[in-house]
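# Next comes the sequence, and after it the predicted model I'd like to discuss.
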Amino acid sequence: MRVFVCVLCVVWSATVLAAGGEPDSRAASVASPATGKANETADKPQAETQQPKIAPNPAPTEAENIFLDRLMRAESGGRQFAKNPLSSALGPYQFIESTFLDVVKRNLPDLAAGKNDFEILALRTDYAVSRTVALLFTRENAAALAEKNQPATPANLRLAFFAGAATALKVLEAEPEERVSGIFSEAAVRANPFLSPMTARQLIERSAREAERGGTVTVALSGRSPVSAPQKPRIAVRCNLQLASCRKWLALAEARLNARTGPLKTAAKASQRQP
């Protein structure tokens, strides 16, 4: 037990000293903010330094909820205890240790209060907590993209969640056929072997497929937004999304949900247009 705690201390100390570079995402995907560059971490690409701070836990928009559902599906297939054996990524949103600790401690001090790093990291397998942290991380990535005049599209946000905003920007600005193995660190490529043969174009296309299609995500950068409890995914996925039968079930479930909510939204818009 003492040895395990010491290892955590060493890892955390190294992360603190490395802060100021670019993070590893959710993996490493969506990952992003303030803890060590993807090119300097042994995990996935995910946390970034000096990210703009946002209002603590604002209520997510509908577009954000849809994005978070799709993000979780891409990251883990909805599996609560999903684990990447090649990195520290864990949970529904596959947060690596450094990114999760950074986002929680900066944005959710009440949640972190009284807990050691090990206890905070255990929350990565809590659906509600990890979803809230994914929302905060995504908003920080959106702000970082906007600062460089890159749109906060679902595809770009998915890429930033995985690679961290700084690395995502490098990929977006690279030549289409440039190998991303030269953009990510060797450690990040080892943790994510599929990156090795990929070009910038292929990784961007992969991110777009995983995020599916959608609009931009509304980001709250200043001021206070109403605080709400972390929201559950619109559809709880309890099967293996690697199976065709599971994907078919999910598609039907989404169609049924849209069929129920579509008429209500149309009626609401019509009533707003009436004098």
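Nice, thanks for sending it over.
# Who are the packing partners of whichever strand or helix holds Glu205?
Element membership for Glu205 (DSSP states H and E) is helix 200-211. Helices and strands touching helix 200-211, by 3 or more C-beta pairs under 8 Å, 6 or more residues apart in numbering; DSSP states H and E, are helix 62-76, helix 154-163, helix 165-173. In this view, the C-beta of every residue, glycine as well, is placed from N, C-alpha and C.
# Next, the buried residues of the longest one.
With burial defined by 16 or more other C-beta atoms under 10 Å, the residues of helix 62-76 counted as buried are 64-76.
# The closest residue to Leu203 other than its chain neighbours: what's it in contact with?
In this structure, Leu203 finds its nearest non-sequential neighbour in Val180, 5.2 Å apart by C-beta to C-beta, 6 or more residues apart in numbering. By C-beta atoms under 8 Å, 6 or more residues apart in numbering, Val180 lies in contact with 171, 174, 195, 198-200, 203.
# ok, the closest residue to Lys170 other than its chain neighbours - contacts?
Residue nearest to Lys170 in three dimensions, not counting chain neighbours: Ile183, with 5.0 Å by C-beta to C-beta, 6+ apart. Applying C-beta under 8 Å, 6+ apart, we find Ile183 in contact with 39, 167, 170-171, 174, 200.
# For Ser196, see how far away Ile183 is.
Spatial separation of Ile183 from Ser196 under the definition C-beta to C-beta, to the nearest Å is 12 Å.
# same deal with Glu210?
18 Å.
# higher neighbour count, these two?
Comparing Glu210 with Ser196 by neighbour count (other C-beta atoms under 10 Å), the higher total belongs to Glu210, at 20 against 12.
# quick one, phi/psi of the residue nearest to Lys170?
For Ile183, the backbone dihedrals (degrees, to the nearest 10) come out as phi -100, psi -40.
# If you count neighbours, what's buried in stretch 162-179?
Buried residues in stretch 162-179, counting neighbours by 16+ other C-beta under 10 Å, are found at 162-172, 174, 178-179.
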